[in-house]
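**Student:** Build me a structure from this.
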Amino acid sequence: MKLFSFKILPICVFFIMLLNPESVFQGASLGILLWFQTVLPTLLPFVLISGLLIQTNALFYLSCFFGPALSKIFGTSPHAAFPIIAGFLCGYPMGAKTTADLVKMNYLSTREGCYLLSFCNNTSPAFLMNFVILQNLGLQEFVIPSILLVSGSCILCSFLFRPFYRDHSDTKNEGISSIQTLKPLSRKWNFSIVDNCIMDSFETVTKVGGYIMIFSIILQFFARLFPDSVLWTLGVLPSLELTNGVVLLAQSSLALPVKLSSLLALSAFGGFCAIAQTSCMLNGTKIPIFPYIIEKLVTAAVTSLMTFLYCMFLL
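**Tutor:** The predicted structure follows:
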């Protein structure tokens, strides 16, 4: 029965698209434009340089410099430093991408990869500052607090999630164990490494663009179902795709504390489009996506609560 339904679903979607060509065209156009103007120039350089860092073992030096401090804070192995840095600074889905790459190369265990994914695959501070706060809200005084609230919630939740991934069989090490140790740069530099990293980078950003286009089309379809429902427009639709969701919430008539709490909660969650992108990055690993979804929902709830309290007492 399940197999039959999966065969019927694409047929139904095909005819729905034929009957609603305007929604398909508008959603695809918005999605591709968003990918080309924003995602491609911001994400591609970071995917490329992260690939070079991993392929050349240059992560050894990052691990030596940042690893000890981050290990004490998050209870990870030293060479988990790069996924943490990339996940907090580079935006979706760089945290998942770098974590998955290191798991595939046996520098991180699956357990540690799951733990890292629970808190270090986040919205970038640049997106939060420029797009969410300045462009859509125009609240310059809220730039620094918003970054601290979202990042602080992720860090706080890492302490909440850590006990679920701790290796209790290792009584000497309270951290999350890894597999093998990074070594200093040993591979000779050649352009074949660059070529492989370029192809992997384009494959990654193309997949991300495909998911953005798909969810933009879905959003256009869903927007026509219950156009007069506030719960649907401000609850369901924003959760589909982050960028469009930010615009919907920012243009709403919600009270400022509620609006800010909703926007930062959505930024912490990332939307179902970011979840699909993250799941795509995890292909080839044994890291499950369902716990990640629950963890992002918990982080979003914590972010919303902290933002609301900030607005009530400090704003």
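
**Student:** For the rest of this, base every contact and every neighbour count on C-alpha atoms.
**Tutor:** Noted.

**Student:** residues in contact with the helix or strand harbouring residue 245?
**Tutor:** Assigned by DSSP states H and E, residue 245 belongs to helix 242-250. For helix 242-250, contacts defined as CA atoms under 8 Å, 6 or more residues apart in numbering pick out 132, 136-137, 233-234, 237-239, 259, 262-263, 266-267, 270-271, 273-274.

**Student:** are any of the residues you listed buried, and which?
**Tutor:** Among the contacts of helix 242-250, those classed as buried by 16 or more other CA atoms under 10 Å are 132, 137, 233-234, 237-239, 259, 262-263, 266-267, 270-271, 273-274.

**Student:** Inside helices: which ones of the residues you listed?
**Tutor:** 259, 262, 263, 266, 267, 271, 273, 274 (DSSP state H).

**Student:** all helices of the stretch 1-150 of the chain, in order?
**Tutor:** 2-19, 21-34, 40-55, 59-74, 81-89, 94-104, 110-117, 125-127, 143-165 (DSSP state H, counting those that start in this stretch).

**Student:** nearest to residue 210, of those helices?
**Tutor:** Among the helices of the stretch 1-150 of the chain, the nearest to residue 210 by CA to CA is helix 21-34 (8.2 Å).

**Student:** Now the closest one: buried residues?
**Tutor:** So for helix 21-34, counting by 16+ other CA under 10 Å, buried means 23, 24, 27, 28, 30, 31, 32, 34.

**Student:** right, and the second one touches residue 219 too?
**Tutor:** Spelled out, that is residue 24. No. Taking CA atoms under 8 Å as the definition, residue 24 is not a contact partner of residue 219, at 10.0 Å.

**Student:** just the ones in helices among the buried ones among the contacts of helix 242-250 now: which is nearest residue 82?
**Tutor:** The nearest one, if we look at these relative to residue 82 and count by CA to CA, is residue 274, at 20.2 Å.

**Student:** these two touch, right, the closest one and residue 241?
**Tutor:** Yes. With contact defined as CA under 8 Å, residue 274 reaches residue 241; the gap is 7.3 Å.

**Student:** Report the buried residues of the lowest-mean-pLDDT helix or strand in the chain.
**Tutor:** Among the helical and strand segments of the chain, the one scoring lowest on mean pLDDT, DSSP states H and E is helix 2-19, with a mean of 70. By 16+ other CA under 10 Å, the buried positions in helix 2-19 come out as residue 17.

**Student:** now do stretch 62-72
**Tutor:** Buried-residue list, stretch 62-72, by 16+ other CA under 10 Å: 62, 63, 66, 67, 68, 70, 71.

**Student:** Quick check: the farthest pair among the residues you listed?
**Tutor:** Farthest pair in the buried residues of stretch 62-72, by CA to CA: 62 and 71, 12.6 Å.

**Student:** Now do the shared contacts for these two.
**Tutor:** Common neighbours of residue 62 and residue 71 (CA under 8 Å, 6+ apart) are residue 81.

**Student:** what about the helices of the stretch 1-150 of the chain, which gets the closest to residue 199?
**Tutor:** Nearest to residue 199, of the helices of the stretch 1-150 of the chain and by CA to CA, is helix 40-55 at 9.0 Å.

**Student:** What are the contacting residues of the closest one?
**Tutor:** Contacts for helix 40-55 (CA under 8 Å, 6+ apart): 58-59, 90, 94, 98, 101-102, 193-194, 197-198, 200-202, 204-205.
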